[in-house]
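Trainee: This is the structure alone, sequence omitted:
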């Protein structure tokens, strides 16, 4: 009788599916919870994900799942279900949430197809007190300063495009373009004089006599200027403030005398204000310095902000500072301190960095501060409460605000290159005194 040979250890055991049949499907059980089951419609049985207490299939009571990963999955399904419902029955009618900025199509002069359903604003202001009289176009880059020389009937604007333009206040037409040749960092007016700050100089132009002068000694761009106590102050890129005594005779331009150089800031001086017998300078080094206008000596340094101090304003006995750190701060004289010794008495935070402050009194002699922010909106606040009176809007952030003329007119220059003439419904609006 033949003896059966023993099976080799290397030979494979033949199974029913070794001849080509497919093995039965099995799944390794996953540790995650089935998101279809969470949504209430899992059709797999068995399911490789957990249902309830760990078993597969469709059983198990639906637990309260707190893990954010599964919540996101559930929310994703609900969004898909809502999209499917919208395709079948049409989307649910929703009221768009309005944004505090003008519609670009409407602002460019075109019809907005969305009409009242547009989520952006179609008027240039909010609050009912402000209206646009005219928009003056011609500058190719940001407008950095506007002003009205006295007795000329003309508005002047300076721009980073290297020009100073004059505009007829009666017609709004541009009646002169002065090629400065270099970027205008700031522009101010005093009497008939127009001062344009450019790299390494201040250009002085008499709008009545057409006399022109160049004041040298500046290092870098001039970012801020102000006139007070018959003195022109200019804040420069190197952190210094230069001073020139102005001539008593408006036509005697050769009598501009260099008065001194105020040094102390570590970075560029970008804001200046005169009030209460002092010159205040704000810098990109985040500080505010207080200078005696008679001696030109620094008497106090305020560690004011965590960002560049972009604007300063004097109101009554107070100094108001603004910064790119979104903060507006009010400083008051210390009761037990010397003159110029200030302490913070109020702080307000805006939603965006602050570019410019400007103050006016309304027809009821109430002080109002205009606060221009990086979002292109200018908010009007009544002092001292900071209650909002209204807003005006521009295509881009407003760099300068000035008042002048009759009928409550004021002017803004913004980063789009536009100069806008506004009317305030309150009558007899006057700029705040800096004395």
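Mentor: Ah, there it is. Please read all numbers here as calculations on a predicted model, not as lab measurements. Numbers count the residues shown, from 1 in each chain.

Trainee: Quick check: pLDDT value at the residue nearest the centre of the chain.
Mentor: Nearest to the geometric centre of the chain sits residue 374, at 0.7 Å (C-alpha atoms, centre = their mean). Among the per-residue scores, residue 374 shows a pLDDT of 92.

Trainee: That one reaches residue 397, doesn't it?
Mentor: Yes: judged on C-beta atoms under 8 Å, residue 374 makes contact with residue 397 at a distance of 5.3 Å. Where C-beta positions appear, they are placed from N, C-alpha and C, glycine not excepted.

Trainee: overlap in contacts of these two?
Mentor: Contact criterion C-beta atoms under 8 Å, 6 or more residues apart in numbering; residues shared by residue 374 and residue 397: residue 355.

Trainee: and residue 159, what is it in contact with?
Mentor: Residue 159 touches 139-144, 165, 184, 413, 417, counting by C-beta under 8 Å, 6+ apart.

Trainee: Adding pLDDT, distance to residue 242 and secondary structure, write those residues out as TSV.
Mentor: What follows is these, written out as TSV (pLDDT from 0 to 100; distance: C-beta to C-beta, whole Å; DSSP: H, G, I helix; E, B strand; the rest coil):
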residue	pLDDT	distance to residue 242	secondary structure
139	95	26	coil
140	94	29	coil
141	95	25	coil
142	95	24	coil
143	96	24	strand
144	95	18	strand
165	95	26	strand
184	96	17	coil
413	94	24	strand
417	94	28	coil
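
Trainee: Same list, those, but as a markdown table with distance to residue 297 and neighbour count please.
Mentor: Shown next, in a markdown table, are the contacts of residue 159 (distance: C-beta to C-beta, whole Å; neighbours: other C-beta atoms under 10 Å):
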| residue | distance to residue 297 | neighbour count |
| --- | --- | --- |
| 139 | 39 | 26 |
| 140 | 42 | 11 |
| 141 | 38 | 15 |
| 142 | 35 | 21 |
| 143 | 35 | 30 |
| 144 | 30 | 23 |
| 165 | 38 | 22 |
| 184 | 30 | 29 |
| 413 | 34 | 28 |
| 417 | 40 | 20 |
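
Trainee: With respect to residue 343, which of these is nearest?
Mentor: Checking these against residue 343 by C-beta to C-beta gives residue 144 as the nearest, at 32.3 Å.

Trainee: can you pull out the helices in the chain?
Mentor: Along the chain, the segments classed as helices by DSSP state H run 35-39, 68-89, 104-107.

Trainee: Run through the residues that contact the residue nearest to the centre of the chain.
Mentor: Applying C-beta under 8 Å, 6+ apart to residue 374 gives the contacts 324, 352-355, 397.

Trainee: Which of these ranks first by neighbour count?
Mentor: residue 354 (27 neighbours; other C-beta atoms under 10 Å).

Trainee: what about the spatially closest residue to residue 302 that is not a sequence neighbour, how many neighbours?
Mentor: The shortest distance from residue 302 to any non-neighbouring residue, by C-beta to C-beta, 6 or more residues apart in numbering, is to residue 288 (4.2 Å). Residue 288 has 26 neighbouring residues, counting by other C-beta under 10 Å.

Trainee: quick check, nearest of the contacts of residue 159 to residue 35?
Mentor: Distance to residue 35 across these (C-beta to C-beta) is lowest for residue 142, with 52.2 Å.

Trainee: Roughly how far does that closest one sit from residue 384?
Mentor: 32 Å (C-beta to C-beta, to the nearest Å).

Trainee: Any chance of TSV for the contacts of residue 374, columns distance to residue 46?
Mentor: Listed next are these as TSV, based on distance: C-beta to C-beta, whole Å:
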residue	distance to residue 46
324	61
352	57
353	59
354	63
355	65
397	62
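
Trainee: Filter those down to just the ones in strands.
Mentor: Among those, the members found in strands (DSSP state E) are 354-355.

Trainee: Mind picking out the helix or strand in this protein with the poorest mean pLDDT?
Mentor: Here the helix or strand of the chain ranked lowest by mean pLDDT, DSSP states H and E is helix 68-89, holding a mean of 51.

Trainee: can you map out the strands along the stretch 101-250 of the chain?
Mentor: Listed in chain order, the strands of the stretch 101-250 of the chain (DSSP state E, counting those that start in this stretch) span 125-126, 130-136, 143-147, 154-159, 163-168, 174-179, 186-190, 193-198, 201-206, 212-215, 222-228, 231-236, 241-245.

Trainee: Adding distance to residue 341 as columns, could you present those strands in a markdown table?
Mentor: Shown next, in a markdown table, are the strands of the stretch 101-250 of the chain (distance: least, C-beta to C-beta, whole Å):
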| stretch | distance to residue 341 |
| --- | --- |
| strand 125-126 | 40 |
| strand 130-136 | 38 |
| strand 143-147 | 32 |
| strand 154-159 | 36 |
| strand 163-168 | 40 |
| strand 174-179 | 43 |
| strand 186-190 | 28 |
| strand 193-198 | 30 |
| strand 201-206 | 31 |
| strand 212-215 | 33 |
| strand 222-228 | 21 |
| strand 231-236 | 21 |
| strand 241-245 | 20 |
